[in-house]
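A.B. asks: Kindly generate the corresponding structure for this input.
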Amino acid sequence: VQLVETGGGLVQTGGSLRLSCAASGFTFSRYAMRWYRQAPGKERELVAAITNAGGSTNYADSVKGRFTISRDNAKNTVYLQMNSLKPEDTAMYYCYTYQKRDGNDFDYWGQGTQVTVSS
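C.D. replies: Numbers count the residues shown, from 1 in each chain. Next up is the predicted model:
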């Protein structure tokens with residue numbers, strides 16, 4: 001399993017970025033996906049999640065109405081569209097999925113992509 005995030009960068013307050021997470025090594029369309037973020041000195045927090053077919057999504061209260069998670073199962077990719085960015089959105093953003101096999105849970109993380117929002 002491999003998850004590779006891209007799309008991070010430096011943006012001004014109010015700007016937008018779209019993160020992508022390219023997945024490989026598993027049947028992407030069978031698994032839910034999530035985006036997490038971690039700011040310096042803070043715990044990692046769940047930002048957004050999407051079911052395997054994309055029919056259901058949920059968001060942290062802090063990003064509702066500004067961020068949109070989506071996926072393209074034909075491209076094995078999950079996206080995070082981030083609008084109206086704020087300095088408090090500055091963090092490393094990680095793509096995540098988990099699988100259950102033979103009664104065991106397996107967590108998979110990408111390497112992360114840095115998002116920095118300047119005030």
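
A.B. asks: top strand in this structure by residue count?
C.D. replies: strand 91-101 (DSSP state E).

A.B. asks: For the helix or strand where L10 lies, buried residues please.
C.D. replies: Assessed by DSSP states H and E, L10 sits inside strand 9-12. Across strand 9-12, burial judged by 16 or more other CB atoms under 10 Å covers V11. For glycine as for every other residue, the C-beta is placed from the backbone atoms N, C-alpha and C.

A.B. asks: Quick check: what element follows the longest strand of the chain along the chain?
C.D. replies: For strand 91-101, the following helix or strand on the C-terminal side (DSSP H and E) is strand 104-109.

A.B. asks: Now that following strand: average pLDDT?
C.D. replies: On average, the pLDDT along strand 104-109 is 94.

A.B. asks: Go ahead and name everything in contact with it.
C.D. replies: 1, 3, 94-100 (CB atoms under 8 Å, 6 or more residues apart in numbering).

A.B. asks: Dig out what the residue nearest the centre of the chain forms beta bridges with.
C.D. replies: Nearest to the mean C-alpha position of the chain, by CA atoms, centre = their mean, lies W35 at 2.4 Å. Note on W35: beta-bridge partners by DSSP bridges are A48, C95.

A.B. asks: Am I right that it is in contact with M82?
C.D. replies: No. Using CB atoms under 8 Å, W35 is not in contact with M82, being 9.5 Å away.

A.B. asks: Point me to the helix or strand that includes A74.
C.D. replies: For A74, there is no enclosing helix or strand under DSSP H and E.

A.B. asks: what's the first-to-last distance across stretch 26-42?
C.D. replies: 31 Å (CA to CA, to the nearest Å).

A.B. asks: again, but for stretch 74-86
C.D. replies: Per CA to CA, stretch 74-86 runs 32 Å from first to last residue.

A.B. asks: residues of that stretch that come out buried?
C.D. replies: For stretch 74-86, burial by neighbour count (16+ other CB under 10 Å) applies to 76-80, 82, 85.

A.B. asks: which residues touch the residue in the chain sticking out farthest from the centre?
C.D. replies: Relative to the centre of the chain, the most outlying C-alpha is that of D102, 26.7 Å out, by CA atoms, centre = their mean. Listed by CB under 8 Å, 6+ apart, D102 has no contact partners.
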